[in-house]
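**Student:** can you look at this prediction? I've put the sequence above it.
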Amino acid sequence: MTVTTRQPAQGPAPQRSAGSRAGELLARVFGGGSGTVFALLIVVFAAIFIVNPGFAEPPSLMAFLKQAAPLMILAIGQYFVIVSGEFDLSVGSLVGAQVVIAAALIDGEEGRTVPVILLMLGFGILVGLVNGLITTLLKVQSFITTLGMMLVLYGAIRLWTGGAPTGALSEAFRQPGRGGIDMSVVRQLPWALMILIGIVIIAVAVMRSSYGRTLIATGDNDRAAGFSGVRVWRVRTLAFVMSSVAATVAAILIGGYAGVTAQVGQGLEFTAITAVVLGGAALGGGRGWVVAAMAGALTLEALFVLFNQLSMPSTIRPAVQGVIIIAAVAYAARERARPRHHQEVPSQQQSNEA
Amino acid sequence: MRTTRALLAAAAAAALMLAACTTDEPSDTAAPDETAAASEDPGAGGEDEETTDGEFFVRADYDRQLAQRDIAPEGDPATPWLQAIEPEYVDTAQYAQDGNTLCFSNASVSNPWRVTGWITMQQQVEVLQQQGLIGEFRVSDAADDDNKQISDIQAFIDAGDCNAIIISPSTTATLTPAVEAACASGVPVIVFDRGVNSDCMVTFIHPIGGYAYGADGAEFLVENLEPGSTVLPLRILPGVDVLENRWAAAQEIFADSELEILGDEFTGGDGAEIKNLVTQALQRGEVDGIWMDAGDGAVAAVEAFEDTGNDYPVMVGEDELSFLRKWQETGMTAVAPVYSNFQWRTPILAATMIWAGEQVPVEWVLPQDEITEDDRDEFLDRNADMPSLHYAKFGGEDLPGFPAAWQDR
Amino acid sequence: MSRAVAVAGTGKAARRRLGATELVWLALAGVLVIGAILVALDDQNLFSIANTRDILSRSSLLGFVAIGQTLVILCRSLDLSVGYVMALSSLIAATTMNGDPARVPLAIVAVLLVAGGIGLCNGLIVSVLKVNPFIATLGVGLIIKGYLDTEYQGPAGAVPSSFQQFGFSRIGPVPLSTLVMLAVAVAGILFLRKTRTGYHMFAVGGSADVARLSGIRTGRVLVTAHVLCSIAAGIAGLLIAARFGTGSALVYNSGYDLESIAAVVLGGTLLLGGRGGIAGTIAGVLILAVLDTVFNILAVDPFFKDVLRGTIIVAAVAIYARRQIDRKASRVRFGGDGGSGGTAPPEPRPDQPTPELAGGSR
């Protein structure tokens, strides 16, 4: 546990005065690892507003948040796994599988909506448990576990539905992702946004709890965590379960937002991992802030909007995206490499860095 | 110097490879013919990469396909999968035989259009198996991987007991050498859906084509929108030649119109992406019409207009049922271009015809008629019990497995 | 392979790894036996010349990519851009050749140079800019994708029939491309065994810190691995051009990035770096090829194939892990941290880039 208290950038240290807490928050937002993502977010948004001032109007912003919510939720889930030192490549496949399951089981019947959603949550928990237990107990590297899970889910769901989704979603199922409360200023306050806020609150609370600190300590050095009495397998498995549950919630929102298509969910795992890393989390674990991970997802979504608003030729967009991601992560790495806490870094290692 | 050594190792490997390639005589495989000539064929990529309507626009093909839409096909309209437009028949007496093992190399069943067609094909095979016309039906699926499909075709050739090989290539051009090797093995080869840059196969079965598909939608937009209206084109993926043809034809027609085209976007066929893109386009300004190179996710595009409180656009979808149902429900102005799904029956029937020594068209062009508001309801009635990602013109209503086989897939 | 291992690691590690490589070939034998039985139940022979050819020709393309991937994974990096490099290479090859046999050497040189250049970029971004390899190579892949999508609307270029022999001719039952792949594998094994850079790769993957402290220029080793990996992907692109008769951008959709990583891990190389080798990788590639052939002969539903493939990969890796646990349980999980994890006290490293570099593939 000493690990965390020595690193202010990693876990919230409990019991501080309000003032130092605010200072800590500021330091967090604009310091070191996660500073880059918030700066990038501001730049991208500023650019969008300049290109299209209409985007700053509340209805447009609400529509944007509605479409960005699923990726942000996925990023939160992925954050738990990454910060614990693992990977979850199965989330894209899981989102696709859950939407197809929902359509096939609901089959247009309103009355089945709630039972099916509960079933989906159960299935999500099951997938997370399998991922987590194979990784921790059978000692299969999570990259491979979740790659296998990705293939299995992709194949099994198509095997079940004969290759293309069947059935139909109910109107009630579509509400969380598509609907909202009609209002005057914002036109519609999306349910998706409220669900997102709820999940963010839960995620921040989790990371502030002792479990959250244990999670980061495990990711930083699972051996040391193990020595200090942490049951590493339980901590990590729970992280996988949270990731799968987040993917399930994202699936409910995506399915609600856009209905069933055969390609739903494809490639989301890479976008989610990119978002988390963009948010300053270290692949390999031990460092990262959940809010920054979410900001990473928001930045990616905003970047796609900016490309669109600039009418950039769609074929060039991946290249620009690639450059920006590499540049942002490289910049953040440089920031971190700067010796801020001289006393903590042994000088010999410093010279070796150079 | 360590790096140098590493590079030396790599260079050695490369040199070894070079030597191996040039010194080896072609052994037992049928050496692919001069495919260099293939690049002059229509459809093959030229090497000059113009980015806009360059290599994937061949005017002669475009003009021919647009003209073919107005030619009445030969054959019974009740069985469109046996009709043919301006067929030139070829004699198949040399392939007449009693053997009836049919081999099929499928590109994939990775989208609902292919899934629907694949079910129809299997149902057709079942009927002919019961009649004793087809024995074993051997299938390999390449999961959209061209290289796997080349191996699949080679495996059929090597097995040596296929009496006919049906190939649905995953990409035009890239499978040309493999198809030519199959032809060279002496087995009758049937290619359908996408083509290859060769004419070695006995018959090439396809609907009129991508230019006609793209033009159907584009012309509808030009007719139904005021000059100066805006159209948002949505495309699935770049670099897929058949989809590039659809887009090239649409661009050709839009260029002669007074419509304003709002860039073009790639959606990956994902509903969420489609809805995002349309929503963002609506935030930028008005969108009066939507052109799509395939109807997957057309409903999501329509919903984006509903959710943002905009009027319905003039819509180009496809004969996919979810779109047809949405169209009926909303009463918007729309058209559903069709890439005839019933073509999946034809190669099976063609194989039995070839074995019987009957003539088949060398290029078997199937009819490809869009669904308009006039016949939309008729097709919806006919497919009333079908799932939403099913294609209206699947042409399997007379097969014994109907309707269960397509419902519980 | 076992000797290369012995050079690189401690004696203890060598014993364990010798077991790992053997185990992979044993697994291959097992898959062959089970496959042969299943195929025999279907009244066919898995070892017929036709089927043997099929297995071998399916292995060659993935083989090239996986050999390169092995090198970067040994260094505790990974390369997600290989699919894009393959696609770009096939297009460069086909458009440079343009149907003219005399231009074949030029095309090969061009492909190897471009691929090597991309590898250099990957390596420098990872080692100098300290960007995690997952993100670095994903980003470089996206950049190449943007170029491909913009420049090519479909297959382009033409490959002369002389070069198509690389993809289609065979010597007896063995496809030429498989022979070349095996030759590259042997070159790779020799490289890892006989050259200093080669065995430094094991050290860098074991622990970058310890390697650095013992005077190894870790950045240079890492860059070399990335260059060689991209060149291997470039050769795979050449094979694609030979087999397609043209270049195709869509190759990047075929999932060779993840499949090659799966093959490497299936081959017993540790994703945490420092342990494994090319001999195991070849066995891993062959396992996947045998599965492919058997599934095809038995006409397994294409979606069920994915389920089986996913399950088998995870199961195999679980078995390797289980075996390693039996030897010495506690080393496995933390083995990748190498010396620092084993001897030094747990070190908080928030302000150093090292964990990002080192922890890439956990």
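**Tutor:** Structure's in. What do you need?
**Student:** for whatever residue of chain A ends up closest to chain C, which three-state class applies?
**Tutor:** Nearest residue of chain A to chain C: A:Gly284, at 1.9 Å (Cβ to the nearest Cβ). Glycine gets a C-beta too; all of them are placed from N, C-alpha and C. Following DSSP: H, G, I helix; E, B strand; the rest coil, A:Gly284 is assigned to coil.
**Student:** what's the burial count for it?
**Tutor:** Residues lying near A:Gly284 (other Cβ atoms under 10 Å in any protein chain shown) number 27.
**Student:** same deal with C:Val307?
**Tutor:** C:Val307 has 21 nearby residues by other Cβ under 10 Å.
**Student:** pLDDT wise, what is the residue of chain A closest to chain C at?
**Tutor:** For A:Gly284, the pLDDT comes out at 85.
**Student:** pretty sure it contacts A:Gly85?
**Tutor:** Yes: the pair A:Gly284 / A:Gly85 is scored as a contact, 6.0 Å apart, by Cβ atoms under 8 Å.
**Student:** quick check: the gap between the spatially most central residue of chain C and C:Ala93.
**Tutor:** In chain C, the residue lying closest to the centroid (Cα atoms, centre = their mean) is C:Ala66, at 1.7 Å. Applying Cβ to Cβ, to the nearest Å, the value for C:Ala66 to C:Ala93 is 20 Å.
**Student:** quick one: the helices in the stretch 151-300 of chain C?
**Tutor:** In the stretch 151-300 of chain C, the segments counted as helices under DSSP state H, counting those that start in this stretch are C:161-168, C:176-194, C:196-206, C:208-213, C:218-244, C:256-266, C:278-297.
**Student:** ok, the closest residue in space to A:Leu89 that isn't next to it in sequence to B:Trp344 distance?
**Tutor:** Leaving aside its sequence neighbours, A:Leu89 sits nearest to A:Thr146 (Cβ to Cβ, 6 or more residues apart in numbering or on different chains; 4.1 Å). Using Cβ to Cβ, one gets 36 Å for the distance from A:Thr146 to B:Trp344.
**Student:** with A:Val206 instead?
**Tutor:** Here the criterion is Cβ to Cβ. By it, A:Val206 lies 51 Å from B:Trp344.
**Student:** which one of these two is surrounded by more residues?
**Tutor:** For A:Val206 versus B:Trp344, the count of surrounding residues by other Cβ under 10 Å is larger for B:Trp344: 28 against 17.
**Student:** quick one: contacts for C:Val290?
**Tutor:** By Cβ atoms under 8 Å, 6 or more residues apart in numbering or on different chains, the contact set of C:Val290 is C:28, C:31-32, C:35, C:55.
**Student:** the same query, at a cut-off of 6 Å, please.
**Tutor:** Listed by Cβ atoms under 6 Å, 6 or more residues apart in numbering or on different chains, the contact partners of C:Val290 are C:31-32, C:35, C:55.
**Student:** same question for A:Gly124.
**Tutor:** A:244-245, A:248.
**Student:** how about it: what's its closest non-neighbour residue?
**Tutor:** Closest residue in space to A:Gly124, ignoring its immediate chain neighbours: A:Thr248 at 3.4 Å, by Cβ to Cβ, 6+ apart.
**Student:** my guess is the one you found meets A:Leu118, correct?
**Tutor:** No: in this structure A:Thr248 lies outside contact range of A:Leu118 using Cβ atoms under 6 Å: 10.6 Å.
**Student:** enumerate the residues of chain B near chain A.
**Tutor:** B:109, B:111-112, B:115, B:238, B:263, B:265-266, B:268-272, B:275-276, B:279-280, B:283, B:296-297, B:299-300, B:387-389, B:409 (Cβ under 6 Å from any Cβ of the partner chain).
**Student:** next step: these restricted to helices.
**Tutor:** Residues from the residues of chain B next to chain A lying in helices, with DSSP state H as the criterion: B:112, B:115, B:271-272, B:275-276, B:279-280, B:283, B:299-300.
**Student:** distance check, the spatially closest residue to C:Ala211 that is not a sequence neighbour against C:Leu74.
**Tutor:** Leaving aside its sequence neighbours, C:Ala211 sits nearest to C:Ala203 (Cβ to Cβ, 6+ apart; 4.2 Å). Computed with Cβ to Cβ, the distance linking C:Ala203 and C:Leu74 is 10 Å.
**Student:** looking at those two, which one has more neighbours?
**Tutor:** C:Leu74 (30 against 24).
**Student:** if we can go back for a sec, contacts only, for the residue nearest to A:Leu89.
**Tutor:** By Cβ under 6 Å, 6+ apart, the contact list for A:Thr146 reads A:88-90, A:131.
**Student:** what is the neighbour count of the residue in chain A positioned nearest to chain B?
**Tutor:** Nearest residue of chain A to chain B, counting by Cβ to the nearest Cβ: A:Gly162, 2.9 Å away. By other Cβ under 10 Å, 22 other residues sit near A:Gly162.
**Student:** which non-adjacent residue is nearest it?
**Tutor:** Distances taken as Cβ to Cβ, 6+ apart place B:Arg409 nearest to A:Gly162, at 2.9 Å, with adjacent residues excluded.
**Student:** spatially central, which residue of chain A would that be?
**Tutor:** Centre-nearest of chain A using Cα atoms, centre = their mean is A:Ala75, 0.6 Å out.
**Student:** element containing that one?
**Tutor:** Assigned by DSSP states H and E, A:Ala75 belongs to helix A:58-83.
**Student:** after that helix, next one along is what?
**Tutor:** Helix A:58-83 is succeeded, C-terminally, by helix A:91-106 (DSSP H and E).
**Student:** between the next helix or strand after that next one and helix A:58-83, how many degrees?
**Tutor:** Toward the C-terminus, helix A:91-106 is succeeded by helix A:113-136 as the next helix or strand (DSSP H and E). Calculated by axes from the mean of the first three to the mean of the last three Cα atoms, to 10 degrees, helix A:113-136 forms an angle of 30 degrees with helix A:58-83.
**Student:** any idea how far A:Met120 is from the residue nearest to A:Gly124?
**Tutor:** Separation of A:Thr248 from A:Met120 (Cβ to Cβ): 5 Å.
**Student:** go on, B:Asp293?
**Tutor:** On the measure of Cβ to Cβ, B:Asp293 and A:Met120 end up 32 Å apart.
**Student:** same thing with C:Ala241?
**Tutor:** 45 Å.
**Student:** so what's the residue nearest to the centre of chain A up against?
**Tutor:** For A:Ala75, the contacting residues are A:272, A:275-276, A:293-294, A:297, by Cβ under 6 Å, 6+ apart.
**Student:** so which of these belong to helices?
**Tutor:** A:272, A:275-276, A:293-294, A:297.
**Student:** which two from those residues end up farthest apart in space?
**Tutor:** When Cβ to Cβ is used, the two most widely separated members of the ones in helices among the contacts of A:Ala75 are A:Ala272 and A:Met294, lying 10.9 Å apart.
**Student:** neighbour count winner among those two?
**Tutor:** The neighbour comparison of A:Ala272 against A:Met294 (other Cβ under 10 Å) goes to A:Ala272, with 35 against 27.
**Student:** wait, the more buried one touches A:Leu74, no?
**Tutor:** Yes: if you go by Cβ under 6 Å, A:Ala272 and A:Leu74 touch, sitting 4.3 Å apart.
**Student:** shared neighbours of the two, anything?
**Tutor:** Common neighbours of A:Ala272 and A:Leu74 (Cβ under 6 Å, 6+ apart) are A:Val91.
**Student:** so where's chain A uncertain?
**Tutor:** A:1-21, A:23-33, A:338-354 (pLDDT under 70).
**Student:** may I ask which helix or strand encompasses B:Leu324?
**Tutor:** If you go by DSSP H and E, B:Leu324 is part of helix B:321-330.
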